[in-house]
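Colleague: sequence and predicted structure below; questions after.
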Amino acid sequence: IFGPQKGATPDMICQMDQWLAFYASITRETYPNADPSHPGTGAAGGLGFAFLSYTNATLQSGIQIILEETRLESYIQDAGIVITGEGCLDGQTIMGKAPIGVAIAKKYNKTVLAFSGCTTKEATLCNQHGIDAFFPILHTITTLEEAMHPETTRQNLTTTTEQVFRLIQAVQV
């Protein structure tokens with residue numbers, strides 16, 4: 001599911017799917033209850049499957065654990081605007097990734113803004129799931145290596161954030 005977002009080509013995905021199917025088959029020989037179709041088993045490159053198959057683990061939503069452990073909801077209640085982010089905001093973001101978890105802020109009628117390295121056309125789905133507006137931070141055509149350089153990222157995020165909040169300030173006046 002997330003392979004293309006991480007740079008995998010269609011050929012690589014086909015190969016990885018074959019490897020994972022073989023891995024699941026070998027696992028089932030020893031652990032008959034291993035179920036590669038159980039929700040969440042593909043998480044983190046198949047770690048969910050490994051934990052369920054080889055241990056007495058239970059799978060939980062990562063963002064739910066983070067929300068509970070940080071008590072984020074209690075902080076959101078007093079916030080004016082809630083900001084979240086992700087490397088690439090796309091159609092997969094609505095599948096339980098952090099920005100959609102943070103959008104719990106809509107429960108308290110808070111404005112939720114997302115900043116990301118880049119976006120795809122499918123990122124507009126995030127607007128239906130609690131993200132009021134999103135902003136990619138890239139300002140020029142660049143290589144992935146240049147975009148990922150910490151100073152470049154810091155400057156791009158700072159510039160984009162400043163411009164968004166200048167607009168917010170101008171509208172509120």
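Modeller: Yep, that arrived. Numbering: from 1, shown residues only.

Colleague: now do the strands in the protein.
Modeller: Secondary structure of the chain (DSSP state E): strands at 81-89, 111-119, 133-136.

Colleague: could you dump the ones you listed into CSV and include mean neighbour count and distance to Glu162?
Modeller: Yep, even glycine has a C-beta here, placed from its N, CA and C like the rest. Shown next, in CSV, are these (neighbours: other C-beta atoms under 10 Å; distance: least, C-beta to C-beta, whole Å):
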stretch, mean neighbour count, distance to Glu162
strand 81-89, 19, 13
strand 111-119, 20, 12
strand 133-136, 16, 11
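
Colleague: need the ones you listed in JSON lines (columns: mean pLDDT and distance to Val173).
Modeller: As requested, the strands of the chain are exported to JSON lines (pLDDT from 0 to 100; distance: least, C-beta to C-beta, whole Å):
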{"stretch": "strand 81-89", "mean pLDDT": "94", "distance to Val173": "16"}
{"stretch": "strand 111-119", "mean pLDDT": "95", "distance to Val173": "17"}
{"stretch": "strand 133-136", "mean pLDDT": "97", "distance to Val173": "19"}
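
Colleague: any chance of these in TSV, plus distance to Lys6?
Modeller: Output for the strands of the chain, formatted as TSV (distance: least, C-beta to C-beta, whole Å):
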stretch	distance to Lys6
strand 81-89	9
strand 111-119	13
strand 133-136	18
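
Colleague: looking at those, which is closest to Glu69?
Modeller: Counting by C-beta to C-beta, Glu69 lies closest to strand 81-89 out of the strands of the chain; the figure is 16.5 Å.

Colleague: run the angle between that closest one and strand 111-119 for me.
Modeller: Angle, strand 81-89 to strand 111-119, by axes from the mean of the first three to the mean of the last three C-alpha atoms, to 10 degrees: 20 degrees.
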